[in-house]
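Q: kindly return the folded structure for what I paste below:
(chains A and B)
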Amino acid sequence: MSCALLLLLMSLALAMGTGAAVEIQRPRGVPLSSEQFYEENKPFTCLDGSSTIPFDRINDDYCDCRDGSDEPGTAACPNGSFHCTNAGFRPAFIPSSRINDGICDCCDTTDEYNSGATCQNTCREMGRKERESLQIMAEITKEGFMLKQQLIHEAKRGQEDKQGKLTELQGSKKGLEEKVEALRTVKETAEDPEKEAKERHLKSWEEQKELIRMEKDKTRMAEAFLELDDDADGYVSVAELQSHLELDPDSDGSLTETETQVRCLSSSSTLFLPLKSREEFLSHYQSLICDPEFIWICRNLEKEIGFDFGPSAEFAYLYSQCYELSTSEYIYRLCPFNRVSQKPKFGGSETNLGLWGQWAGPEDSLYSVMKYDHGQGCWQGPNRSTTVKLTCGKETVVTSTSEPSRCEYLMEFTTPAVCQEPASLDEVLQGHTEL
Amino acid sequence: MFIRVCVCALRRQRALKPGQSLYRALLETLELTNTKLTLQLINDNNKVRLLLELYRLQGNMTRVKINELKPLKPRFEVPDVLINDPPTELMAWLSGSGDENGVVLSLGADSQRLIVSAKPFRLDIMEGREVLLSLNSRGLLTAKEDGMWEETFKSHTDNKPNGPSSISLDFSLPGVEHVYGIPEHADSLKLKTTDGGDPYRLFNLDVFQYELFNPMALYGAIPVMLSHSAQRTMGIFWLNAAETWVDISSNTAGKTVLGQMLDYVQGSSETPQTDVRWISESGIIDVFIMLGPTPTDVFSQYASLTGTQAFPPLSALAYHQCRWNYNDQEDVAAVDQGFDEHDIPYDFIWLDIEHTDGKRYFTWDPHKFPQPKDMLQGLIDKRRKMVAIVDPHIKVDSSYKIHNEIRSKGFYVKNKDGGDYEGWCWPGNSGYPDFTNPEMRAWWASMFAYDQYEGSMENMYTWNDMNEPSVFNGPEVTMHKDALHGTWENRDLHNLYGLYVQMATAEGLIERSGGVERPFVLTRAFFAGSQRYGAVWTGDNTADWDHLKISIPMCLSLGLVGVSFCGADVGGFFKSPSTELLVRWYQTGAYQPFFRAHAHLDTPRREPWLFGPENTALIREAVRQRYALLPYWYQLFYHAHHSGQPVMRPLWVEYTQDTATFSVDDQFLLGEDLLVHPVTEEGAKGVTAYLPGKGEVWFDVHTFQKHNGAQNLYIPVTISSIPVFQRGGSIIPRKARVRRSSSCMEHDPYTLFVALSPKRFAQGELYIDDGHTFNFDKQKQFIHRRLSFANNALSSRNLAPGSQFITPSWIEKIVILGASKPSKATLKTPGEFFPESLLEFEFDASMSVLTLRKPGVNAGVDWTVVLQ
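A: The predicted model follows:
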C-alpha cells in the first residue's frame, strides 16, 4: 500500500526567551497556534466539529474531515492548508494541493518531503534579502515622509496664500460694491421724474414676484416690467446671477435670492438713469462683474482651492507640473490633475491617454491610485484611459508605463506624498520573522 | 459577412436539374478483376468518355473513382490524406442476374449487391431487398462540361489556364431523413436542406466575424457526410481538395409532422429519402461509401482510410490560457503568478503573433521577450508549458533567415507567371511556403530543432493560425486560385494547404525530441486527415450567447468526421463577454475537448480573477471539474486514437434507435458515460435535458440524484454549475486532488465513481501511461484495466496483457451510486502481502451512495472488492 503514510511528527528546536531549547512535537503542517487541537493518541475532532476520528487518521493521506483539518500535512483534502514554519523568513500557509507536487513552495522545503523534488532551504537568504530591502524601503519611507511633511507645510502655506489672494480680490470687489451703492444714491436723486414709476416697480417686484412669473399679462406690472425687461426673462437672469459667486456680496459662498434681486434691480435700474450717470454706473458695474481677468483669476483660485490634493494637500505640489518617461518608442507625459499623453519619439502626433478623473485607490488607500479617462478613442475600442499607481519614493518620477489591455494604460509613479509614517525598523523586521 | 459564392462553375452546375443522366455506361467495356471493376461512360451529347473504377474495400466500404478517359491534362488526385492504399476485397459476378441494360455484382459477404445500370447510368448498392444508396440516380454526374474559361471575383481575375474542370455526382439515400458532418460550418448538427438557398460550401477561408446558422465556408473543410436512420448509419467521403459545394434535399423536409403521420397511417407515403449532390471545381470524383451499419462501424471505416486522432500529451487536455497578446515576459510571469494566487490550475500559457520580432515567426521580440529560455524555465519550474504561434506566411525580408532559405531553396508557392507568389498578411508583404512539397515540409520540420528555433525549449509547443492560407489582399482573403504548387494550381488542392502546415509542424516537434515526445499543434485550417496532427479550434468566434451555443454542434460535427480534439475560444474572441457569459463559457468549455480561453487584442483583459471573488470562485470550480476528470478525458482520447471513436458525441451515436435524439445539439455525450447539457441562455433558471435510454438511469454528478432515462427532464440551475449526468452502468475514474497543473497530479491516487444500472451492474476502464511520450505505442508501456461491478463485487482486470507500466498511483476512494448498504466490504488483492482486508465505508441512505474508504491498492494491479 503505497499510501501508508503514518503519522509524521515534526521535531523542532524552539528558542525560548530563556534560551533553553525545548522540543515540541506536532503533526506535519500544523501551525504552533493550532497544536493544542492535535493531542497525541487522543481522538481528533475536526476543527469544524463535523466528526471525530482516531488520532492515527491524522495525516494518513485520506480526507476524513470536511474542512480538511485531519490532513494538514498531506494533499488528501481539497480544501486543506499546510503551514510552513520557514525559520529565518516568514511563516506561511499554502494550499495543501501544493504538498509534494514537485514544486518548492516553502522556503524551508517542508512542503516537498516525498516528491523527489530537490529543494534548497532558502529561508535565511530570503530573510536577509527581505531585511535588506525592508531596510532600504524604511530609509526611503523615512526620508520620503520627511519630505512629505515639508510638502504638507508648503501646501498649507500655498493654500493660505491663495485663500488670501482670493479674499483680497473679493475685498476689492466689495469696494466696488460700495461704489455701486454710492452711485445708486446718485442715481436715485437723478431720477426724480421717474421715481413714481420706479417705486411702483419696486413694490410690485417684491410683493408680486410670483405673480409676475405666473401672470405676465398683469397690465399695471407689465408697463413697468416691459420698460425694464423687454423679453420678460428677468428670472433666467436671476438664475444666472446666482451661479456667479463673484457677485456674492457677503462672501458666504452663496448668493441668496435677495442678494440676486438687489443686483437685478441695480442693473435694471440703470435703465432709468439719465444718460451720463447711467454710463458712469455701468462702467463701474462692468468692472465689478465682467472683467475677464478678474473672473479668470478668481475661478482658477477657486478651482485649485477646490481640488482634492489629499488629506493634508500633500499632492498640491504636483499641480501644474509634468513628468516624463522615455521608452524605446514613446515619450510618456504625466501632468497630474490634468492629463496623460504619449508622443512617438520619432515623429508623429501626441495621443491623449486620459484626462484627470479621480482618485481611485481601494477604500483604505484612496490616494494610492489616480485615474485618467476620456482620452483619445481607440479604433473599435474604448477611449484611452490611464491608471497611475503611486508609490513612496524620495523623488517624484514616472518609473514605468505599460498597456496591459488595448488602450488601457498603467503608469507607475513615485512621490514622497504617499509615504506613510515609518514604523521603527525594529518593528518592521520583527513583524516578518518568527522564531 | 457572407461573401456570396460567385463561381460560375457552381451556378452552371446547379442550373443542371435532376433528370435523365447525360451519361450512359458502355457495358461492353466492363472489366472485372478480383478486386476492381472498370467501366467506360459516355456523354452522348459531346462524346466525352469517362473511366469509372470501383473497388470493394475491406471493412464494408465501396470506392468509386471517375476520371476522364483521356484528359488533355492530368487531373489532380489528392495525396497524403489516405493513410494507405485501402485494402480491397473480392467482388464477383452474380450469376444468373443482369440483362442487356445492367449487371449485378456481389459485394463482400453481407449479401450486398451492386447494380450497374447502363442507360441512364446509375449505381445502386443493395443489401437484401433494400437499396442502401444510389449513385447518379438523379443524373447529375458531370465532368468536363462546357463553360467559361475566365471569371472575375471583385478585382481578381482568374484565367483558368486549364479551362473549366468542375465535377459533380449525386447520391440518393432511401429511408434517410438525417444527415450530418461536412464541417466546418457554423450551423446545426443536423444538416439542413439547401433547396432555394446556398449550398454548404467547403473552401478554407479566413472569415472575419462569421455568421451563425449559415452554410458559408469557414476555416476548414472535411468532405465527409454521415447519414443516419434507426436502421443504419452510413458515410460518404468525397476525396477532393478543390472548392466544393454540397446540396441537400429531402422529400420529407417540407412536410409537417401531421402530414407525415397521415402518410404513415394511410400507408400512402413514399419512403423518406435524402438526396445529396456534391460539386467540386476541379480534380476527379473519388468517393468512399462507408456502409456502416452502425455509427461505430462508420467511425472505424473512416479511421481505416484517414487515420485516427493524434493521442495528445495529457497536459494538452487540461486548461489553456491564451490572449492576443501576453505582452512581455513580465506579463507572462504575472499571469502565471495570478493563477497560483487565485488557486486556479492551468497547464499552458499562449503567445500570439506579437511575441515575434516584427511577425517573423521562429523569432522573439528582443525588447518584450529578451530571455525566452528564462521564461520557459520559469514555467518548467511550475510544471507548466507554453504555446507560441508560427504562421505559414513568411515576411519578405532579406535580413530574415527563414525567408532567405525558403527563397533560395525555391520553396515558395509561385504565381502563374513563375515568380514567388506574394501577398499581404500580418508582417506586410509575405511569401507562402509550398507545404505540398515534401522537401519543403522536411525543411520546415527541421526548423523546430532546438538549435534552429532559438529560445525554444521542450515545454514549448506550436500554434498554426492563418493557414487557409489567409492572404489579406487575395480574393476572399485567400490565395489566388491560379497560384502554383509545383505543377498544380491552388484551385486543385486549396483545402489541403492547412493540413500540410500542421503535418509539417507536428513532424518538427516529434523530430526535435528524437521521436520520443508526442507533439501538440493547434490548427485553424484543416482537411480530412488533419485529426492525425493535433487539435482544431473553431476560429475567430464572438463573445455572445449564440456563439457559445454553436460551439456544441460545431465540435460535434467535427467529432463525427474524425476530429475529436476540438474547442471554441472560451469567452469568445471578438468583443467582451458579460461576466455571466464568461462563467457559462468556462463551465461549457470545461466539458469540451480543447479547453482554451482566448481574446482579441482590442478587448479588456479577462483573466479569471478579474471579475470579483465570486466569479473567480465559479471559474475556479469549472476548471477544477475539468482537472478532476482528466483521467476519463485521457482514456477517451486513447480510444479516439486507438479506434477512431469520437470523444464528444451526439446522443444518436449511442442511442441509434431513439429518433428523439437525432436532432439534439444543445447537449452531448463524452464517451458513452457522461451526458452534458451546457447552460447557454442568459439568466437561465433551468434547462430541459433529454435523458436517453429506456430502462436506463442517469446520476447527477453534482448531487448524485438518480433520474430515469427516455425522458425530458427539467433541471433547475444556478450559476454555480451546468447539468452533467453519469450513465447508470458506468465507472468513471477521477483524480480528486486538483493541483496547479496536470503534471503535478501525475502520481496522485484515483477515485472511482461507480454508477449502478437498474440491474446493479457497471463497467468502465482505467488507462494510464507516462502522459507524454510514444512509449505507450512503441514499447507498450501503459496500463489498461477493465473495471466491472457485478454480483456485488467490483474488480479490476488487465485489458492489455502485452503491456507493462508501473504507476505509483493507487485507488483512494470508491463511490458507488445507486448502492444499498452492505454489512461488510472486503478488498481482495491476490499476490499481495495481505491478500484480504476489510474496508471501512459510509452509506448515505438518502441518496443511496456508498463510499468505500481508502482501498489503497495500486491502480495497476488486480483487485476485487466484495460487498456483503
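Q: how near is the residue of the stretch 651-800 of chain B found nearest chain A to B:N325?
A: For the stretch 651-800 of chain B and chain A, the shortest gap (CB to the nearest CB) falls at B:C744, measuring 3.9 Å. Every C-beta, even on glycine, is put in place using the N, C-alpha and C of the backbone. Distance, B:C744 to B:N325, using CB to CB, to the nearest Å: 27 Å.
Q: sorry, back to before: I figured the residue of the stretch 651-800 of chain B closest to chain A hits B:R384, correct?
A: No. If you go by CB atoms under 8 Å, B:C744 and B:R384 don't touch, sitting 9.2 Å apart.
Q: can you list the residues of the stretch 201-350 of chain B near chain A?
A: Selection of the stretch 201-350 of chain B residues close to chain A by CB under 8 Å from any CB of the partner chain yields B:327, B:331, B:343.
Q: ok, 10 Å please
A: Residues of the stretch 201-350 of chain B lying close to chain A by CB under 10 Å from any CB of the partner chain are B:323-328, B:330-331, B:334, B:340, B:343, B:345.
Q: could you pull out the strands for the stretch 651-800 of chain B?
A: Using DSSP state E, counting those that start in this stretch, the strands of the stretch 651-800 of chain B run over B:668-670, B:674-676, B:686-691, B:697-700, B:706-708, B:711-716, B:724-727, B:730-734, B:750-755, B:762-768, B:783-790, B:793-798.
Q: wait, which of these is closest to B:A506?
A: strand B:762-768 (22.3 Å; CB to CB).
Q: tell me the buried residues in the closest one?
A: Buried positions in strand B:762-768, judged by neighbour count with 16 or more other CB atoms under 10 Å in any protein chain shown: B:762, B:764-768.
Q: out of those residues, who's near chain A?
A: Counting by CB under 10 Å from any CB, no member of the buried residues of strand B:762-768 is near chain A.
Q: which segments of chain B make up each domain?
A: Following the TED database, one finds the domains of chain B at B:8-306, B:315-388+B:440-647, B:749-867.
Q: of all the ones you listed, which one is nearest A:E412?
A: domain B:315-388+B:440-647 (12.1 Å).
Q: how far away from the center of its chain is that closest one?
A: The chain centre lies 15 Å from the centre of domain B:315-388+B:440-647; the measure is CA atoms, centre = their mean, to the nearest Å.
Q: end-to-end on that domain?
A: 16 Å (CA to CA, to the nearest Å).
Q: average pLDDT across that domain?
A: On average, the pLDDT along domain B:315-388+B:440-647 is 98.
Q: spatially nearest residue to the residue nearest the centre of chain B (excluding sequence neighbours)?
A: Central residue of chain B (CA atoms, centre = their mean): B:V563, 1.8 Å from the mean position. Nearest residue to B:V563 in three dimensions, chain neighbours excluded: B:Q531, at 4.6 Å (CB to CB, 6 or more residues apart in numbering or on different chains).
Q: gap between B:Q635 and A:N59?
A: For B:Q635, the distance to A:N59 equals 31 Å [CB to CB].
Q: any low-confidence regions in the stretch 151-300 of chain A?
A: A:187-195, A:197-198, A:204-205, A:208-292 (pLDDT under 70).
Q: could the strands of the stretch 651-800 of chain B be laid out in a markdown table, adding distance to A:Q170?
A: Conversion of those to a markdown table gives the following (distance: least, CB to CB, whole Å):
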| stretch | distance to A:Q170 |
| --- | --- |
| strand B:668-670 | 76 |
| strand B:674-676 | 74 |
| strand B:686-691 | 68 |
| strand B:697-700 | 75 |
| strand B:706-708 | 80 |
| strand B:711-716 | 68 |
| strand B:724-727 | 73 |
| strand B:730-734 | 77 |
| strand B:750-755 | 79 |
| strand B:762-768 | 86 |
| strand B:783-790 | 90 |
| strand B:793-798 | 92 |
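Q: take those strands and lay them out in a markdown table including distance to B:Y627 and mean pLDDT.
A: Formatted as a markdown table, the strands of the stretch 651-800 of chain B follow (distance: least, CB to CB, whole Å; pLDDT from 0 to 100):
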| stretch | distance to B:Y627 | mean pLDDT |
| --- | --- | --- |
| strand B:668-670 | 15 | 98 |
| strand B:674-676 | 15 | 98 |
| strand B:686-691 | 24 | 98 |
| strand B:697-700 | 20 | 98 |
| strand B:706-708 | 26 | 98 |
| strand B:711-716 | 24 | 97 |
| strand B:724-727 | 15 | 98 |
| strand B:730-734 | 9 | 98 |
| strand B:750-755 | 13 | 98 |
| strand B:762-768 | 16 | 98 |
| strand B:783-790 | 20 | 98 |
| strand B:793-798 | 23 | 98 |
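Q: which residues touch the residue nearest to B:C744 when sequence neighbours are not counted?
A: Once flanking residues are discounted, B:C744 sits nearest to A:D101: 3.9 Å by CB to CB, 6+ apart. Taking CB atoms under 10 Å, 6 or more residues apart in numbering or on different chains as the contact definition, A:D101 lies against A:75, A:94-95, A:111-112, A:115, A:117, B:382-383, B:737, B:739-741, B:743-748.
Q: could you report the pLDDT at A:D101?
A: pLDDT, read off for A:D101, is 97.
Q: give me the phi and psi angles of it.
A: phi -100, psi 10 (degrees, to the nearest 10).
Q: do the same with A:W356
A: Per degrees, to the nearest 10, the backbone of A:W356 is at phi -50, psi 130.
Q: was I right to think the residue of the stretch 651-800 of chain B closest to chain A contacts A:D105?
A: No. Between B:C744 and A:D105 there is no contact under CB atoms under 10 Å: 11.2 Å.
Q: do you know how far the residue of the stretch 201-350 of chain A found nearest chain B is from A:Y409?
A: At 6.0 Å from chain B, A:S328 is the closest residue in the stretch 201-350 of chain A, using CB to the nearest CB. Distance, A:S328 to A:Y409, using CB to CB: 16 Å.
Q: circling back: just the buried ones from the residues of the stretch 201-350 of chain B next to chain A?
A: B:323-328, B:331, B:340, B:343, B:345.
Q: how about the secondary structure of B:A442?
A: Following DSSP: H, G, I helix; E, B strand; the rest coil, the label given to B:A442 is helix.
Q: that one contacts B:Y500, correct?
A: No. Taking CB under 10 Å as the definition, B:A442 is not a contact partner of B:Y500, at 11.9 Å.
Q: so between those two, which is more surrounded?
A: Neighbours were counted for B:A442 and for B:Y500 using other CB atoms under 10 Å in any protein chain shown; B:Y500 has more, 27 against 13.
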